[in-house]
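**Q** sequence? don't have it. structure:
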């Protein structure tokens, strides 16, 4: 009987060793495969549901499926642009500083949109009933050159108000800080994105303008690289964009998984917040996110660079990789 127990234990140990051996072999094989695949270093620039397609591509293994080892990290846009120019990142989500870099002669180009229009709203204190009521008052935005900054300038101009002259723009760093600034009396209104819009309502603010419904062409978020990288790494760029397009498809067709990803990366658990984020960005995700010249032109219109007025938006765009992917029938097959 004792011999049987020893034999049983020995067999169990053998099976465990065998299973561990298989695990380490598979893990080693996967690591070796990842090491063999081209590395693409990329970023997402905000803790925002806008980037769900990229998070989905990571979590679903879509980059690996398309033969890439992608290192995707949260890096602020200005830092990402500097890293791109220093060749420490390959494909980035930049802010307005990428336009300034291009105007300074750097070979930077947008290669795909994430959001080709402003997806946000202006919320204000109850006594503010129109944009005209903002004259002589303070509007909270995030940072100079950010989407909130561009959107504020466009909306103020459309309302016959001069930014800074008629309405002071108060730069408060982040969306939560804008809400805090209004609550503290430092501003009477601010630009918000989901899900902070829900918190703005809960704080007694009212929606003054739904910027999304204005359909203002603008680079709210996009993917960019350098012409040099595009020339020398066209195949990895195409693979990256194919995985990204698959991520968009899942974002458009699988709301529950997409909300899971938004929750994971934004550390949000409230179902209302997750639903608000998803519904806010859903209409703006495009099957084929070609970068429109009009969206870049909006950025040029408000760029401080002396050469901005004479610049052509097409000089900062290269949609050729996306166009090639589309012509191959890849996008059509995704939605069949």
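**A** Great, that's in hand. As the structure is a prediction and not an experimental result, all values here were calculated from the model.
**Q** buried stuff in stretch 216-228?
**A** 216-226 (16 or more other Cβ atoms under 10 Å). Just so you know, the C-beta spots here come from the backbone N, C-alpha and C atoms, and that holds for glycine as well.
**Q** correction: stretch 130-138
**A** Of the residues in stretch 130-138, those buried by neighbour count under the rule 16+ other Cβ under 10 Å are 131, 134, 138.
**Q** please apply the same query to stretch 63-80.
**A** 63-64, 66, 68-70, 72, 75, 77-80.
**Q** same list (those) but as a markdown table, adding pLDDT, distance to residue 239 and secondary structure.
**A** Below are the buried residues of stretch 63-80 laid out as a markdown table (pLDDT from 0 to 100; distance: Cβ to Cβ, whole Å; DSSP: H, G, I helix; E, B strand; the rest coil):
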| residue | pLDDT | distance to residue 239 | secondary structure |
| --- | --- | --- | --- |
| 63 | 98 | 8 | helix |
| 64 | 98 | 10 | helix |
| 66 | 98 | 4 | coil |
| 68 | 98 | 5 | coil |
| 69 | 98 | 11 | strand |
| 70 | 98 | 9 | strand |
| 72 | 98 | 14 | strand |
| 75 | 94 | 21 | coil |
| 77 | 90 | 24 | helix |
| 78 | 89 | 27 | helix |
| 79 | 93 | 25 | helix |
| 80 | 95 | 20 | helix |
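**Q** format those as CSV; extra columns: distance to residue 156.
**A** Supplementary listing: the buried residues of stretch 63-80 in CSV, determined by distance: Cβ to Cβ, whole Å:
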residue, distance to residue 156
63, 40
64, 46
66, 43
68, 42
69, 45
70, 39
72, 35
75, 30
77, 23
78, 24
79, 28
80, 28
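**Q** distance check, the spatially most central residue of the chain against residue 43.
**A** The residue lying closest to the centre of the chain (Cα atoms, centre = their mean) is residue 51, at 3.9 Å. Summarising the geometry, the distance separating residue 51 from residue 43, computed by Cβ to Cβ, to the nearest Å, is 10 Å.
**Q** intersection of neighbour lists for the two?
**A** residue 93 (Cβ atoms under 8 Å, 6 or more residues apart in numbering).
**Q** for the stretch 51-200 of the chain, what spans make up the strands?
**A** Along the stretch 51-200 of the chain, the segments classed as strands by DSSP state E, counting those that start in this stretch run 69-74, 108-117, 121-124, 138-141, 168-171, 189-192.
**Q** out of those strands, deepest packed?
**A** strand 189-192 (a mean of 28; mean count of other Cβ atoms under 10 Å).
**Q** that one - contacts with which helices or strands?
**A** Strand 189-192 makes packing contacts with strand 121-124, strand 138-141, helix 147-158, helix 175-183 when contacts are defined by 3 or more Cβ pairs under 8 Å, 6 or more residues apart in numbering; DSSP states H and E.
**Q** restricted to helices, list the buried residues of stretch 216-228.
**A** Among the buried residues of stretch 216-228, none falls in helices (DSSP state H).
**Q** what is the nearest of those to residue 298?
**A** The shortest gap between residue 298 and any of those belongs to residue 218, at 4.7 Å (Cβ to Cβ).
**Q** residues in contact with the closest one?
**A** The neighbourhood of residue 218, defined by Cβ under 8 Å, 6+ apart, consists of 116-118, 147, 150-151, 154, 295, 298-299.
**Q** switch the cut-off to 10 Å
**A** When contacts are counted by Cβ atoms under 10 Å, 6 or more residues apart in numbering, residue 218 touches 115-120, 147, 150-151, 154, 211, 292, 294-299, 302.
**Q** equivalent analysis for residue 292, please.
**A** Taking Cβ under 10 Å, 6+ apart as the criterion, residue 292 is in contact with 110, 113, 116-117, 217-219, 298, 313, 317, 319.
**Q** among those residues, which one lies nearest to residue 101?
**A** When those are compared for distance to residue 101 (Cβ to Cβ), residue 110 wins out at 11.8 Å.
**Q** could you measure from that closest one over to residue 184?
**A** Counting by Cβ to Cβ, the gap from residue 110 to residue 184 is 37 Å.
**Q** for residue 168, find the nearest of the helices and strands packed on strand 189-192.
**A** strand 138-141 (4.7 Å).
**Q** need the residues that contact the closest one.
**A** Applying Cβ under 10 Å, 6+ apart, the contact partners of strand 138-141 are 122-124, 128, 131, 147-153, 155-156, 161, 163, 167-173, 175, 177-182, 185-192, 208.
**Q** what pairs with it, parallel or antiparallel?
**A** strand 168-171 (parallel), strand 189-192 (parallel) (DSSP bridges).
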